[in-house]
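[1] Sequence and predicted structure below; questions after.
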Amino acid sequence: MSASTESYLSHARYGKDKVRVFRVVREGSFHHVVEYNVCALLEGEIDVSYTKADNSVVVATDSIKNITYYLAKTSPHILYPERFAIHLGTHLVSKYAHIHKAFVTIEKLRWARIPVKTGVAGQEETKLHPHSFYRDGDDKRVTSVEIDATGGKDKITAKVTSGISDLLVLKSTGSAFEGFVRDEYTTLVEVNDRIFSTSIDLSYVYKPFAVPAPSDEKKLVVDLTGKHAEAGTPWDGEKVAHSARKITLETFALDESASVQATLYKMAQQIVAENPYVESVTYKLPNKHYVPVDMRYIGIDNLTPAAAEVFVPIAAPSGLISATISRK
């Protein structure tokens, strides 16, 4: 029996990953900067490149990289990750007749303007520098876009998921964990006051929407107007990203947390409530454990929650709490 009778190609996708892009947008002496890590993958009528070693259907991954750089230079949407991902994906499925889906993921790294003092002594004021920046955090804003033209090049739809990754947070009180299941395997001590730290991974899924097909010959012009560009839509992703980050940080700080699960739920509920185009919210919250050092051997109480001040950070193992909260 030949191998060809035992299997078939059920799914194929390929493209370019880890395309690093840094763009300066100049408005005179006032500059904007963005830094992206881009992944662009394609699906379509590409089966024979796998099954017949026929490369005539392959858009080279080098071409995908160069298209990404070309649009980074020419796209009016480069400063906005959701818009740029939609632009790139829509161009790819529109340019190539045999490509029906594009999957574009963008990680946006943080850059913030450096505050500087200006003016004469005694009358200084602090302003943000017009073209000097610093990295103000290791967390990343993440956007994943699926552009689907399987219904036709004039019936393109977009599915957008955005969020935050690697947002490290900690509070030294205001968190407890009590009343959990206790049995013969339980060694964890109940505590009514503890350090709560986690590295937040947040994603929120927007309602799918239609993208108008590019009307120009080179399939480069992508722009949304009307209801698809309303406040709170993916095209307005900056406001939603600001809202989600603010809700996440404020809820984390202010909630008298009975558990990671309970705080997670409150965060997600509020994001859904305040952003009408968001269909669901998913958090993944790994515990970053800080264990108080036992100093009873020298007569010092460092275990009672109110007296615990010296801790050992424990990297592994760690709890991992996740959930998805969806709009009814």
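    Perfect, thanks for sending it. Numbering: from 1, shown residues only.

[2] Got phi/psi on residue 299?
    The phi and psi values for residue 299, taken as degrees, to the nearest 10, are phi 80, psi 20.

[3] State the number of residues packed around it.
    Residues contacting residue 299 under the criterion other Cβ atoms under 10 Å number 6. Heads up, the C-betas are built off the backbone N, CA and C, glycines and all.

[4] contacting residues around it?
    Residues near residue 299 by Cβ atoms under 8 Å, 6 or more residues apart in numbering: none.

[5] Next, find the distance separating the closest residue to residue 314 other than its chain neighbours from residue 201.
    The shortest distance from residue 314 to any non-neighbouring residue, by Cβ to Cβ, 6 or more residues apart in numbering, is to residue 289 (4.2 Å). Distance from residue 289 to residue 201, counting by Cβ to Cβ, to the nearest Å: 17 Å.

[6] Show me the helices in the chain, by range?
    Using DSSP state H, the helices assigned to the chain run over residues 47-51, 61-74, 81-95, 237-254, 260-274.

[7] that older thread, was I right to think the residue nearest to residue 314 contacts residue 320?
    No. Residue 289 is beyond contact range of residue 320, at 11.8 Å (criterion: Cβ atoms under 8 Å).

[8] Using the record's domain definitions, break the chain down for me.
    11-155, 166-327 (the TED database).

[9] Let's have those domains in JSON lines, adding distance to residue 5.
    Output for the domains of the chain, formatted as JSON lines (distance: least, Cβ to Cβ, whole Å):
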{"stretch": "domain 11-155", "distance to residue 5": "13"}
{"stretch": "domain 166-327", "distance to residue 5": "38"}
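
[10] got the contact list for the residue nearest to residue 314?
    Neighbour list for residue 289: 197, 313, 314, 318, 319 [criterion: Cβ under 8 Å, 6+ apart].

[11] ok, now with 10 Å
    Contacts for residue 289 (Cβ atoms under 10 Å, 6 or more residues apart in numbering) come out as 194, 195, 197, 311, 312, 313, 314, 315, 316, 317, 318, 319.

[12] Weed out the non-buried ones from these.
    The neighbour count (16 or more other Cβ atoms under 10 Å) marks 194, 195, 197 as buried among the contacts of residue 289.

[13] and those as a markdown table, adding distance to residue 250?
    As requested, the buried ones among the contacts of residue 289 are exported to a markdown table (distance: Cβ to Cβ, whole Å):
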| residue | distance to residue 250 |
| --- | --- |
| 194 | 20 |
| 195 | 19 |
| 197 | 17 |
